[in-house]
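Enquirer: sequence? don't have it. structure:
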């Protein structure tokens, strides 16, 4: 007797509630659903895109995020597992093509893309664009996407997005405050599937992460170590770095403007390990152009990554966490010129702080490329933990005294893996120690600037 496969059980109809219902009905050109983790924001946006694809024959929609790689394990999984009915994919309703497009039998298309590979995105026209985790974007990314809303098949064109709250100074929050886009507040009550166990896990998050991901507040961390940090200033686009002769359009260093390429290393396994690649220009400015941030990787894996970035970016030497001298020796034996970093915390913080400060020429001495983070550590992201420099620096804080005031001695030992790596590089480059004739910028204590010696 041949066993028959059990029939696929249809998924229950989707019913939005609260802010999700308002977003479902809204035809505003720019719409953002913001709120804590686990409120069903992404599922609402994906359901709306899918509904419009079925309703309006021939419509064109785009699902995108800052990087293409991050879409595969997030939005695409949710769309296929939580939105499409069982059996629809590859059957009579939707096909997924090799180009990662979903094609409907009524000629509608839902494409998938990342802004790091934007040629397809910006050369096409769309009726609807869904941006997942819109706080990852720069405002110029958002503006560019609005210019592509002109396919004209649907009766309205819409840029719809979801996000968890960030700092209140974030450009997306300010754009909403100026009424340039409609921002709706999503709540856990909007999602009937949320469990008490999940809420309890959010309650255990520290400080400002709990404010943002449990309560949906656009909150800034109290007692930030690097309170001069401003993502609108320090995070720069690839186009800007090309204009400044720091990078080529390929993302590699432009040796017409870059005098030296160095890397910092922080060892880790259970906690993230980090490699950061920095370009230095002739005025002593640092540019973080590439960052690897990963847990659960052995020293052999890190040696492979270091060899790859040495070849790809022309890294001249590695400034390494001195806590593991055996690892530094293994780097050396692998042909990777390496030095033990100076691990004095207070001087290192001072060096990095000065690099972040705006100098007399109106510019800081440290910038971060918008695409520096090579890939997200999905395991950490699933636990709502920061990944990479730009996420850590916003959460890196001083401990508090009993009266609630910051104690500016040693920062809280959490969310500090990228911060330690950057500190090693800034401290190494600020020390007036010969390094075989390489260009080394020195911090001028009087002017807090950088000069060459």
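Expert: Arrived safely. Just so it is clear, the structure is predicted and the values come from calculations on it, not from any experiment.
Enquirer: counting contacts, what elements does the helix or strand hosting residue 305 pack onto?
Expert: Secondary-structure assignment from DSSP states H and E places residue 305 in helix 299-313. For helix 299-313, the elements it packs on are strand 258-266, strand 273-281, strand 286-294, helix 325-333, judged by 3 or more C-beta pairs under 8 Å, 6 or more residues apart in numbering; DSSP states H and E. Heads up, the C-betas are built off the backbone N, CA and C, glycines and all.
Enquirer: And the strands in the stretch 1-150 of the chain?
Expert: 30-34, 60-65, 94-96, 101-104, 109-114, 128-131 (DSSP state E, counting those that start in this stretch).
Enquirer: what's the closest of those strands to residue 414?
Expert: strand 30-34 (25.2 Å; C-beta to C-beta).
Enquirer: Now render the strands of the stretch 1-150 of the chain as TSV, adding mean pLDDT.
Expert: Putting the strands of the stretch 1-150 of the chain into TSV (pLDDT from 0 to 100) gives the following:
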stretch	mean pLDDT
strand 30-34	98
strand 60-65	95
strand 94-96	76
strand 101-104	91
strand 109-114	92
strand 128-131	98
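Enquirer: Need those in JSON lines (columns: distance to residue 279 and mean neighbour count).
Expert: Compiled in JSON lines, those are given as follows (distance: least, C-beta to C-beta, whole Å; neighbours: other C-beta atoms under 10 Å):
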{"stretch": "strand 30-34", "distance to residue 279": "34", "mean neighbour count": "24"}
{"stretch": "strand 60-65", "distance to residue 279": "26", "mean neighbour count": "24"}
{"stretch": "strand 94-96", "distance to residue 279": "39", "mean neighbour count": "18"}
{"stretch": "strand 101-104", "distance to residue 279": "36", "mean neighbour count": "19"}
{"stretch": "strand 109-114", "distance to residue 279": "23", "mean neighbour count": "21"}
{"stretch": "strand 128-131", "distance to residue 279": "29", "mean neighbour count": "25"}
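Enquirer: where's stretch 333-352 relative to the chain centroid, distance-wise?
Expert: 25 Å (C-alpha atoms, centre = their mean, to the nearest Å).
Enquirer: Give me the residues contacting that stretch.
Expert: 225-226, 264-265, 303, 306-307, 310, 316-323, 325, 328, 331-332, 366, 409-411, 419, 422-431, 435, 443 (C-beta atoms under 8 Å, 6 or more residues apart in numbering).
Enquirer: mind listing which of those residues are in strands?
Expert: Using DSSP state E, the members of the contacts of stretch 333-352 that fall in strands are 264, 265, 318, 319, 320, 366, 443.
Enquirer: Starting from residue 330, give me the distance back to the third one.
Expert: Pointing back at residue 318 there. Separation of residue 318 from residue 330 (C-beta to C-beta, to the nearest Å): 12 Å.
Enquirer: quick one: which of those two has more around it?
Expert: More neighbours surround residue 318 than the other of residue 318 and residue 330, with 24 against 16 (other C-beta atoms under 10 Å).
Enquirer: wait, doesn't that one sit right on residue 306?
Expert: Yes - if you go by C-beta atoms under 8 Å, residue 318 and residue 306 touch, sitting 6.3 Å apart.
Enquirer: Buried subset of the contacts of stretch 333-352 as a PyMOL selection?
Expert: With 16 or more other C-beta atoms under 10 Å as the criterion, this PyMOL line picks the buried residues out of the contacts of stretch 333-352:
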select buried, resi 225+226+264+265+303+306+310+317+318+319+320+321+328+331+366+411+419+422+423+424+425+426+427+428+429+430+435+443
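Enquirer: which among the ones in strands among the contacts of stretch 333-352 gets closest to residue 14?
Expert: residue 366 (45.7 Å).
Enquirer: Might you report the residue contacts of the residue lying closest to that closest one once chain neighbours are set aside?
Expert: The shortest distance from residue 366 to any non-neighbouring residue, by C-beta to C-beta, 6 or more residues apart in numbering, is to residue 355 (4.0 Å). Residue 355 is in contact with 286, 364, 365, 366, 426, 450, counting by C-beta under 8 Å, 6+ apart.
Enquirer: Quick check: the gap between the closest residue to residue 11 other than its chain neighbours and residue 105.
Expert: In space, and not counting its chain neighbours, residue 11 is closest to residue 85: 5.6 Å by C-beta to C-beta, 6+ apart. Going from residue 85 to residue 105 by C-beta to C-beta gives 14 Å.
Enquirer: any idea how far residue 264 is from the residue nearest to residue 332 when sequence neighbours are not counted?
Expert: Of all residues not flanking residue 332 in the chain, residue 338 sits nearest, at 5.5 Å (C-beta to C-beta, 6+ apart). Per C-beta to C-beta, residue 338 is found 11 Å from residue 264.
Enquirer: Equivalent analysis for residue 202, please.
Expert: 32 Å.
Enquirer: And for residue 53?
Expert: 46 Å.
Enquirer: and the spatially most central residue of the chain, what is it in contact with?
Expert: Central residue of the chain (C-alpha atoms, centre = their mean): residue 136, 5.2 Å from the mean position. By C-beta under 8 Å, 6+ apart, the contact set of residue 136 is 65, 66.
Enquirer: so where is the chain shaky, pLDDT-wise?
Expert: The chain contains residues with pLDDT under 70 at 1-8, 91-93, 98-99, 432-453.
Enquirer: Walk me through the domains of it.
Expert: Annotated domains of the chain cover 18-195, 231-442 [automatic domain parsing].
Enquirer: could those go into a markdown table alongside distance to residue 209?
Expert: Output for those, formatted as a markdown table (distance: least, C-beta to C-beta, whole Å):
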| stretch | distance to residue 209 |
| --- | --- |
| domain 18-195 | 9 |
| domain 231-442 | 6 |
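Enquirer: Cheers, nothing more for now.
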